[in-house]
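> What follows is a protein structure lacking sequence information:
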């Protein structure tokens, strides 16, 4: 397995388009905090705006992703990205607006382009041969890891060095530019027909059938949420300067990119559910060690390992979703996965934030790890049950087909003895 099939002009055009569409997403939470931090109660307002943005993503991803038509994806994606750019532009243009107006802009910026994540991933996998899909997804993960590694420093540098509104205006420009990139890509992608996902309830039932993958996908992002939200408080508890949180998170993001690259180099042992269980357990163990070991170097090492394993775990979830859903439902499924991951991130952050009021940061991190392991176990159990059910259905189908053929042969005179 190599990345040779992924190296093409169209994939390069896709990468440029995805960079413009996804960089604003990585910039948004920190950018809205910098936007209003000098207002009275600025940090609380910034947290509220970041929450509104995430809520927009969680609601918009499944709502818009399930309505995406594979054969006419371009207009849908373009409209969502342009509306998202308008939301970012509104935040940057009127930073002194009332809180409710800013929250509405943040909600729009999060919700409108949320369906683009699934659509762009489906476009990417349509640009490469089927055998190269794992490498294509690894390439996407590498790109996104780079985006998340760069965006905090970019936002902080522009907000402090230029003006607090500049990161959001840049986000608006990047997202608007990504719309032009859509015309360098196919207008949509082909899917198999007759799979029962063409509309309404049938599509919803098909998507709901992959719920174990969504649960484990949510678990795979809870560790990232723990690291990003709890790391400053954890460092302070250990007597380490909180300024180290930025470099440590960047190191974690770089490690995630390396992990995604290594994942795409070869075939790995064990079925996808078992592979995901091993990777998620390893990630949880690394975060646990980061919470318990007081030394900065040890925290850096464990977070690096956690980033490497976490990106591989997320890749197994995306590949598992391809096995669980028909081709025509994949874009919607990716969008639902995006929403589930966002919900997992938000749930862990809320739990850890609430626990900080009554306990130490390290204990709050351990509680978040417990939630991660619980979600992982539930998702793994659900996938095992689904696999057994599918195997039983296949055996029943084969058995019924065999009995039917036997009856036809005997009743219809098709058995060998009739010719004697």
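Cool, got the structure. Bear in mind the structure is a predicted one, so any value in this text is a computation, not a measurement.
> Below-threshold pLDDT in this structure: ranges please.
1, 191-203, 390-420 (pLDDT under 70).
> Just give me the residue closest to the centre of it.
Centroid-nearest residue in the chain: residue 338, 4.4 Å away (criterion: CA atoms, centre = their mean).
> Name the helix or strand for it, please.
Using DSSP states H and E, residue 338 sits within helix 330-355.
> Same check on residue 164?
Using DSSP H and E, no helix or strand contains residue 164.
> Quick check: it touching residue 42?
No: judged on CB atoms under 8 Å, residue 164 makes no contact with residue 42 at a distance of 10.0 Å. From N, CA and C alone the C-beta is placed, and that goes for glycine too.
> need the contact list for the nearest residue to residue 74 once chain neighbours are set aside.
With CB to CB, 6 or more residues apart in numbering as the criterion, residue 74 has its nearest non-adjacent residue at 4.5 Å, and that residue is residue 187. Residue 187 makes contact with 71-74, according to CB atoms under 8 Å, 6 or more residues apart in numbering.
> Apply 10 Å and report the result again.
Applying CB atoms under 10 Å, 6 or more residues apart in numbering to residue 187 gives the contacts 70-75, 77, 123.
> Also residue 190?
If you count contacts by CB under 10 Å, 6+ apart, then residue 190 has 70-71, 126, 327-328 around it.
> if you look at those, which of them are in strands?
Using DSSP state E, the subset of those located in strands is empty.
> Most neighbours among these, which one?
Tallying neighbours with other CB atoms under 10 Å puts residue 328 at the head of the contacts of residue 190, with 23 neighbours.
> Verify the stated contact: it with residue 70.
Yes: between residue 328 and residue 70 there is a contact at 6.1 Å, judged by CB atoms under 10 Å.
> Surely residue 105 touches residue 111?
No: with contact defined as CB under 10 Å, residue 105 and residue 111 do not form a contacting pair (11.0 Å).
> Next, show the common contact partners of those two.
Joint contacts of residue 105 and residue 111 (CB under 10 Å, 6+ apart) are 52-53, 56, 87.
> Can you mark which positions in stretch 231-247 are buried?
Using 16 or more other CB atoms under 10 Å as the test for burial, stretch 231-247 gives 231-235, 237-238, 240, 244-245.
> Work out the gap between that stretch and the centre of the chain.
With CA atoms, centre = their mean, to the nearest Å as the basis, stretch 231-247 stands 26 Å off its chain's centre.
> Start and end of it, how far apart?
Stretch 231-247 has its terminal residues 11 Å apart, counting by CA to CA, to the nearest Å.
> what comes into contact with it?
152-153, 156, 226-228, 230, 248-249, 252, 290-291, 293-296, 299-300, 303, 352-353, 356, 360-365.
> of those residues, buried ones?
152, 226-228, 230, 248-249, 252, 290-291, 299-300, 303, 352, 361-362, 364-365.
> just the helices in this structure please.
Using DSSP state H, the helices of the chain run over residues 9-36, 42-65, 73-93, 99-111, 116-126, 133-161, 166-181, 200-208, 211-237, 245-263, 272-292, 296-324, 330-355, 361-411.
> Relative to residue 2, which of the ones you listed is closest?
Closest to residue 2 of the helices of the chain, according to CB to CB: helix 133-161, at 7.2 Å.
> for that closest one, the distance to its chain's centre please.
13 Å.
> Now do it against helix 296-324, angle only.
130 degrees (axes from the mean of the first three to the mean of the last three CA atoms, to 10 degrees).
> From the contact counts, what lies against helix 133-161?
In terms of contacts (3 or more CB pairs under 10 Å, 6 or more residues apart in numbering; DSSP states H and E), helix 133-161 is packed against helix 9-36, helix 116-126, helix 166-181, helix 211-237, helix 245-263, helix 296-324.
> Among these, which comes closest to residue 369?
Short answer: helix 211-237, nearest of those by CB to CB, at 7.1 Å.
> Just the buried positions in stretch 334-345, please.
Using 16+ other CB under 10 Å as the test for burial, stretch 334-345 gives 334-345.
> nope, stretch 34-41 is what I was after
34-36.
> First-to-last residue distance for that stretch?
Using CA to CA, the two ends of stretch 34-41 sit 12 Å apart.
> So for residue 164 and residue 42, which residues contact both of them?
33-36.
> one step back: nearest to residue 371, of the shared contacts of residue 105 and residue 111?
residue 53 (22.4 Å).
> For residue 225, give its distance to residue 372.
Look at residue 225 and residue 372: by CB to CB, to the nearest Å, they are 9 Å apart.
> neighbour-wise, which of the two wins?
Each of residue 225 and residue 372 has its neighbours counted (other CB under 10 Å); residue 372 has more, 26 against 22.
> who's in contact with the residue lying closest to residue 372 once chain neighbours are set aside?
Distances taken as CB to CB, 6+ apart put residue 222 closest to residue 372, at 4.5 Å, once the chain neighbours are dropped. Applying CB under 10 Å, 6+ apart, we find residue 222 in contact with 280, 283-284, 287, 310, 341, 343-349, 351-352, 368-369, 371-376.
> likewise residue 292?
Contacts of residue 292 (CB under 10 Å, 6+ apart): 298-299, 302, 362, 365-366.
> Perfect, I'm done here.
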